[in-house]
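1. Please find the sequence and the predicted model below.
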Amino acid sequence: MLATAAVVSLAALAAALVAQYQFDIKPCPWCVMQRGIFILIAVVSVLGWCLQRVKAARVIALLLVAALGVAGLVAAGYQHEVAAKLASCDMTFADRVLTALDLEARWPSVFMVTASCSKASAYTLLGQPYEIWSGLLYTLIALGALLTLKRRPRTPAH
């Protein structure tokens, strides 16, 4: 599960970057914040996968991945339901986080905001806004992590 979460998160980030640089889909602060959450999920997943022999590390990683999945779903939901209807995303939570972490200056090719939330809401993939797709991925990642936590570990055959 952890390896899958890492791959899916990095694939989502890659898809966002391809959309931006090949198809001129401009990201808003909430889009960019979701990129950061996908990166965090990938990092936590890889660390958890590398340390999976330590049960506590595996459990903590799965819990963090589930929590980050929920955070991503909340961000995608907020973008879709609230931010997309705002004329400007300035000083929203996403904008303040990006500014506080100085992500646009540190890694502009990934974290540079180039659109307002209302403008970004017009971009769709297969008829759905991008935040719906990321929200779906976050949901699957969170559910996968929680179901993995619930599943009993296999015991070796004697």
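-> Noted; the coordinates are in hand. Residues are numbered from 1 along each chain as shown.
2. Surely Ala3 and Trp49 touch.
-> Yes - between Ala3 and Trp49 a contact is recorded at 5.2 Å, counting by C-beta atoms under 8 Å. Heads up, the C-betas are built off the backbone N, CA and C, glycines and all.
3. quick one, which of those two is more surrounded?
-> Using other C-beta atoms under 10 Å as the criterion, Ala3 and Trp49 rank with Trp49 on top: 17 against 13.
4. Show me the shaky parts of the protein.
-> Within the chain, the ranges that satisfy pLDDT under 70 run 84, 87-90, 118, 120, 123-124, 152-158.
5. need the helices for it, in chain order.
-> Applying DSSP state H to the chain gives helices spanning 2-23, 29-50, 55-81, 93-101, 103-106, 108-111, 117-120, 130-150.
6. which of those sits most buried?
-> Comparing the helices of the chain by mean neighbour count (mean count of other C-beta atoms under 10 Å), helix 29-50 comes out on top with a mean of 23.
7. In CSV, please show the C-alpha coordinates belonging to that one.
-> Below are the C-alpha coordinates for helix 29-50, written out as CSV (Å, rounded to 0.1, in the frame of the first residue of the first chain):
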residue,chain,number,x,y,z
PRO,A,29,-2.9,28.4,-4.7
TRP,A,30,-5.2,25.5,-3.8
CYS,A,31,-3.9,23.5,-6.8
VAL,A,32,-0.3,24.1,-5.7
MET,A,33,-1.1,23.2,-2.1
GLN,A,34,-2.5,19.9,-3.3
ARG,A,35,0.8,19.3,-5.1
GLY,A,36,2.6,19.8,-1.8
ILE,A,37,0.2,17.3,-0.1
PHE,A,38,0.9,14.7,-2.8
ILE,A,39,4.7,15.2,-2.3
LEU,A,40,4.2,14.8,1.5
ILE,A,41,2.2,11.6,0.9
ALA,A,42,5.0,10.3,-1.4
VAL,A,43,7.8,11.1,1.1
VAL,A,44,5.9,9.6,4.1
SER,A,45,5.0,6.5,2.0
VAL,A,46,8.6,5.9,0.9
LEU,A,47,9.9,6.3,4.4
GLY,A,48,7.2,4.0,5.8
TRP,A,49,7.9,1.4,3.1
CYS,A,50,11.6,1.5,3.8
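8. That concludes my questions; thank you for your assistance.
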